[in-house]
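Enquirer: Fold the stuff below for me.
(one chain, ligands or ions: 2)
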Amino acid sequence: MAITDILSAKDIESALSSCQADGSFNCKSFFSMIGLSSKTPDQIKKIFGILDQDNNGFIEEDELQLFLKNFSSSARALTPAEIKDFMAAGDSDGDGKIGVEEEYLSLRLSGG
Ligand SMILES: [Ca+2]
Ligand SMILES: [Ca+2]
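Expert: Ligands and ions are numbered 1, 2, ... in the order given. Purely as a prediction, here's the structure:
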């Protein structure tokens, strides 16, 4: 399944163009630009499954590093500082990885 089955290619394009420079990625504005907060829990679970490349039920730092590449193979990797901020925003129980409940919760908290 492609991520564009769930999200609009146009939204993805504008979200990616907003964070082309190193250090300009913000997970909350990115999620808001791709319209994630309006998705159903089931759709969010599917997106989580795409981001969780090794399918172990959690998104880890190395998967966050390649986060943007899930949306476009030519997108850049996230910087260590961006990964740290992203993890801090998503990892509410502090175990160093993001579970699907945490992803969903952080989306609801970010105003969805
Ligand atoms: Ca994983
Ligand atoms: Ca966690």
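Enquirer: helices and strands around the lowest-mean-pLDDT helix or strand in the chain, which ones?
Expert: Every helix and strand of the chain was ranked by mean pLDDT, DSSP states H and E. The lowest is helix 100-109, at a mean of 80. Other helices and strands packing on helix 100-109, by 3 or more CB pairs under 8 Å, 6 or more residues apart in numbering; DSSP states H and E, are helix 41-51, helix 80-90. The C-beta positions use only the backbone N, C-alpha and C, and glycine is treated the same way.
Enquirer: Worst mean pLDDT among the ones you listed?
Expert: Across those, helix 41-51 has the smallest mean pLDDT, namely a mean of 93.
Enquirer: From the contact counts, what lies against the helix or strand that comes right after it?
Expert: Toward the C-terminus, helix 41-51 is succeeded by strand 58-59 as the next helix or strand (DSSP states H and E). With contacts defined as 3+ CB pairs under 8 Å, 6+ apart, strand 58-59 has these neighbours: strand 98-99.
Enquirer: and the strand it packs on, which strands flank it?
Expert: Strand 98-99 has these partner strands in its sheet, going by DSSP bridges: strand 58-59 (antiparallel).
Enquirer: Could you pull up the mean pLDDT of the strand it pairs with?
Expert: In this model, strand 58-59 carries a mean pLDDT of 97.
Enquirer: Need the contact partners of that strand.
Expert: Judged by CB atoms under 8 Å, 6 or more residues apart in numbering, the contacts made with strand 58-59 from elsewhere in the structure are 48, 51-52, 90, 97-99, 103.
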